[in-house]
Every structure is written in structure tokens, then in C-alpha cells.
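Visitor: return a 3D structure for these sequence lines:
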Amino acid sequence: MAENEKIKIIKQILSDIVGTEWVSDDPAILIAYSRDYASYLKFDWKSMCPQIVVLPKTLEEVKAIVKVARQYRIPVVPVGSFGSQFSWGIPRAGGILVDVSRMDEILQIDEDNMVAIVEAGCPIFKLQVELLKRRMFIHQPGACSTFLIGSHFTHGITNKANARLGYVNRQIVGYEMVLGDGRVLRTGSMANYANPRAIWPHGPGPDLGHIPRMAQGSLGIVTKVAVRIHPLDEEVKVFQPAFNNVDKATAALDEIVKSEICTGTAMYTGFKYAQYFADTPESADRLDRVNPDWMLMLSLQGTKRWVEYEEKKVREITQKHGGIIITDKLPFYQMFEDAQLNQSASLFSEYTIKYWAYPGTIGAPAGMVIAPLHMYPKYFKLLSLLYLDDPLLGDPDELDVKWKRGAIVYPEQNGHYAMFELMMAGHPTDPRLVREVAPRFGPKYFKALVKLGLRLDAKYGIARPGEVGIIPTYMDLARKMKSLLDPDGIMSPGVWEGV
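Guide: Next up is the predicted model:
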């Protein structure tokens, strides 16, 4: 059968499944699905279009689409927010692109068990609005509120940490997922056939719940997600102490966290969020240079008396370590603070940010280091020296000088440890970073970490000689699972080529 004839037949079958208006092979539609945030900026990008786009509404429709794909041996790529920085949602071999954005229902808000169940296409803000009506919220990292919850938890920056709420990926209670062979996988207590309520993320035996999440769509299509929800207290306030010294900023953050005050706690290099309301890379760079080097992003939450106590303690600690409260000096900053509640150490999303990013400024995390918080100044100084020694990253004529040495800090486990998120200038698809900087910078960086007694988070790190390593072990496990769960190789997102 000729390829064009096969596509016409598949289009007709899919139209019968979801309705004619939700299937298209129109080139004008297909090209819109051929690129995402990363590919739009990619310097040597060549468009890769799907052959058909389909927008299902129900679990049964998703199952039927996968069945058709298996019957005609055509690849399937699931997509949601199109916010990936690495083009995971771009079809590498044509096929059927499944857009889950119509599956946007909030199925249940279980206030007794503190769990919300939503379809994968539900935008974050849609759930947050309903939760805020109930004085509740979900733990959200640095992602736009317009992003879909399915994408956010399966493809998003799900390792962001919060001192009290923990890692975002630990907020996942369970999934419903259509596998490449058409079967439905449910994880956690959602898999209990007798009483499938989303209460616990774990069950008897090995916990495989995060395997589908980290497989980035290569095992199946997520259709439903259950996430933890949290109570919103009487008062909420964003507070931002500022410092010009890394040692003093770290000491202040450490004291704040160990005093068990502030629901959200994080530290940012420079005025990182300048990029979100600056219209050009140059204006963001100028804004960054006139602001203090270090900002503590704190969210105060509780009764009115408790928030007053937290503010008093934060002011005392800030003064003790030589910082300032930036809104005291520059009152107009409060407008920025109020609009950044979702960015305030991942507290919640009452508002959204103006920009996710713009061309040529901030890059992707080059790695996550888990270490005691007091190690951060040594880590930062080491990082700065490595950048200065690099012919590109150390060039003062390059924009975003501060981003190059930036490493955001997220305390976790009640402040005993923190996650250091390394930021790089430029975009991850910039060939200079991929072909020039990474090969020479990476080995030096890993060697320097070893000297400090630190290692990258296992999900991102590479095993040293003689070690098994999490990444190789996990990828081997994912390949074996894919051979069992997707024997025909139907699921083909642009991630982990060969898995």
C-alpha cells in the first residue's frame, strides 16, 4: 500500500474515533506541530512534521488511536505543552501526533485525602484556580501556569525542591497511562482493582511508578494524573532579602531554613527573573547588573500572627548577615513580588509569568547537585573559576555574564541538604554549547565536583569507571520494559533515541 493511501485510510479511521474536526493532515496544521520551544531556537533546525495530528477526548479514544497505530505500523508521539527545551515532542519519523490538550477535565478534588485527579491536558492554572477557591494549592516549580499538568509532571522540571513540601516529583500520587500495546497502566493505589482510589503513590513490591514519568513518553501516553494538594493558610506573603556576598546569603538562608520558618525557600543568583519582564536580552542584562547578586525568595504563610513573626525573624536574620529587604529600599518591587507567587520557592500559582524565556538568554540546567547547604559558597566559587577559565563562558563581551556563573539553590529535607541547579548562558540547542563548551567544560566540572566530595544527581550524572551508575541501569531497564510494553515500537517521541 502506498504511503499516501495509508495515511488517508488512517485519517478516516481516526475521524470515526474522535470526530472529523479533531483530525488533520493539513500542511498548515502539521507544520505548527513540527517545532517547539527548543526547535524554534535551534540554529540548524530542519522541520520534522507529523503525518497526522489527532486530539482525543477520552481514555477510550486514546486506546483506539494506539490500536490503529499498531495495526498500520505507524509511529505515535504524545504532546502537551510544547515547552520542552530538547524537542521531545517533535516527531522524528512522521506518524501520528497525539495532542492531549482536549483532555482537560478536573475529575476529582479529594479534600479528605488531599489529592486532586485531573486529565493530562488540564492546564496548571485551571486546577490552581479551583484549589484556591478551597484555600488549597499544588506544589509548582518554575513553569508557566499555562503548561499542562500532564506535561509538567512527565516532561517538566519536576526536580525542583521546597524545604517543607519536598521535591515536586514526590507530589505525584499516581498515573493512568495507555501503553504502546494498548493496555492501560495505573500506578500506586489507583491500580487497586477493588478500590482504585488515588491515596498512596506506592504499592507492594518494587516501586515502578516513576519509570513511566522519566521515560518521557517512550512507553505510552499519560491520560490522567493524581497529585497531592496542600492547604493554603490565612495569610500569604512573598519576601525577598537581598545580598551582595555569597557566604552571607548562604548563611542567612541556612539560618532561615533551620529556624523552620517560611513555607517556600530558595536562593537565586542575581535578579534571575529580570528575563521574564524584559523584552530583549540586552534589557535583561542591564536589569541584572543593577540588582544585588543574591536574592532569597521566601514565602511566608500561616495565621496573621505567624506571618508577622516570620517577617520579624527574617528581618532579624537579614540584618544579622548584612542584607537588605529589597521592597523596603525599592517599594515598586512589591508589584513584582505579588505577580511572582508561583515563582516564590515553588509555593503556588496565583498568577503566571510574562515570559517563559526568550531567544538567546538563559539556558537549561547543566546538572543538579545534591549537597549540604553550607557547601554552596565553595561550589559557587569553584563554578565561577571554571567559567572564567573557559574561552566562551569567560568572555566579558558575551551577554548574561551572571547567568554563566549562576546556580540556583533549593533547600530540601528540612534544610539538611539543598539542590544546586547549574545554569548556563545561551540555549541548549546552540551548537556552541553542544559542540564546543560541553566537551571541554563537562570533564573539568565533574573532576572539580569530586574534589569537593560532591556528585551530580544520579538522574543526570554519569557513572565513574568501575561503577554501575543509575543512568545506564535505568536506561537498560527502560529498554527492557519498552520491549515488553511496546513490542511493536509504536511510541516514538524524540527522546532517548534507540530506547
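
Visitor: gap between Lys447 and Leu454?
Guide: 11 Å (CB to CB, to the nearest Å). C-beta coordinates here come from the backbone N, C-alpha and C atoms, glycine included.

Visitor: of these two, who's got more company?
Guide: Between Lys447 and Leu454, Leu454 has the larger neighbour count (other CB atoms under 10 Å), namely 18 against 10.

Visitor: please verify my assumption that that one contacts Lys378.
Guide: No. Leu454 is beyond contact range of Lys378, at 9.1 Å (criterion: CB atoms under 8 Å).

Visitor: the closest residue to Arg135 other than its chain neighbours: what's it in contact with?
Guide: Nearest-residue entry for Arg135: Leu232, 4.5 Å, with adjacent residues in sequence omitted and distances by CB to CB, 6 or more residues apart in numbering. The contact partners of Leu232, taken as CB atoms under 8 Å, 6 or more residues apart in numbering, are 131-132, 135-137, 301, 348.

Visitor: Met297 reaches Tyr268, doesn't it?
Guide: Yes. With the criterion set as CB under 8 Å, Met297 and Tyr268 qualify as a contacting pair; they are 6.2 Å apart.

Visitor: more neighbours: these two, which one.
Guide: Using other CB under 10 Å as the criterion, Met297 and Tyr268 rank with Met297 on top: 27 against 23.

Visitor: checking my notes, that one in a strand, right?
Guide: Yes. With DSSP: H, G, I helix; E, B strand; the rest coil as the criterion, Met297 is located in a strand.

Visitor: what pLDDT does the model give it?
Guide: Here the pLDDT value assigned to Met297 is 82.

Visitor: so what sits opposite it in the bridge?
Guide: As for beta bridges, Met297 partners with Ala266 under DSSP bridges.

Visitor: same check, this time on the one 4 residues further on
Guide: Following DSSP bridges, Gln301 is listed with bridge partners Val236.

Visitor: measure it to Phe137 for me?
Guide: Spatial separation of Gln301 from Phe137 under the definition CB to CB is 10 Å.

Visitor: likewise Tyr167?
Guide: When distance is defined by CB to CB, Tyr167 is 16 Å away from Phe137.

Visitor: ok, these two, which is more surrounded?
Guide: Neighbours of Tyr167 and Phe137, each counted by other CB under 10 Å, are more numerous for Phe137; the result is 23 against 19.

Visitor: ok, what's across the strand from the more buried one?
Guide: Applying DSSP bridges to Phe137 yields these beta-bridge partners: His230.

Visitor: that one touches His230, doesn't it?
Guide: Yes. Under the criterion of CB under 8 Å, Phe137 is in contact with His230, at a separation of 5.8 Å.

Visitor: all strands of the stretch 351-499 of the chain, in order?
Guide: Listed in chain order, the strands found in the stretch 351-499 of the chain under DSSP state E, counting those that start in this stretch are 362-371, 407-412, 417-425.

Visitor: how many residues are close by Asp181?
Guide: If you count neighbours by other CB under 10 Å, Asp181 ends up with 16.

Visitor: which pLDDT value belongs to it?
Guide: Here, the pLDDT recorded for Asp181 equals 88.

Visitor: burial of Ser259, as a residue count?
Guide: Residues within reach of Ser259, counting by other CB under 10 Å, total 14.

Visitor: for it, which non-adjacent residue is closest in space?
Guide: Nearest-residue entry for Ser259: Lys313, 6.1 Å, with adjacent residues in sequence omitted and distances by CB to CB, 6+ apart.

Visitor: how close does the one you found sit to Gly323?
Guide: Distance, Lys313 to Gly323, by CB to CB: 14 Å.

Visitor: more neighbours: the two, which one.
Guide: Relative neighbour count places Gly323 above the other of Lys313 and Gly323, with 25 against 16, counting by other CB under 10 Å.

Visitor: thought that one was touching Ala249?
Guide: Yes. Because the distance of 7.0 Å satisfies CB under 8 Å, Gly323 is recorded as touching Ala249.

Visitor: list residues touching both of these two?
Guide: Common neighbours of Gly323 and Ala249, counting by CB under 8 Å, 6+ apart, are 243, 296.

Visitor: circling back to that earlier point, per-residue confidence at the residue nearest to Arg135?
Guide: The confidence metric pLDDT takes the value 80 at Leu232.

Visitor: do the same with Val62
Guide: What the model reports for Val62 is a pLDDT of 96.

Visitor: in stretch 182-197, what's buried?
Guide: Neighbour-count burial for stretch 182-197 flags 182, 184-190, 197 (criterion: 16 or more other CB atoms under 10 Å).

Visitor: burial count for Gln12?
Guide: Each residue near Gln12 was counted by other CB under 10 Å, and the total is 12.

Visitor: now it: how far from Val18?
Guide: The spacing between Gln12 and Val18, counted by CB to CB, is 12 Å.
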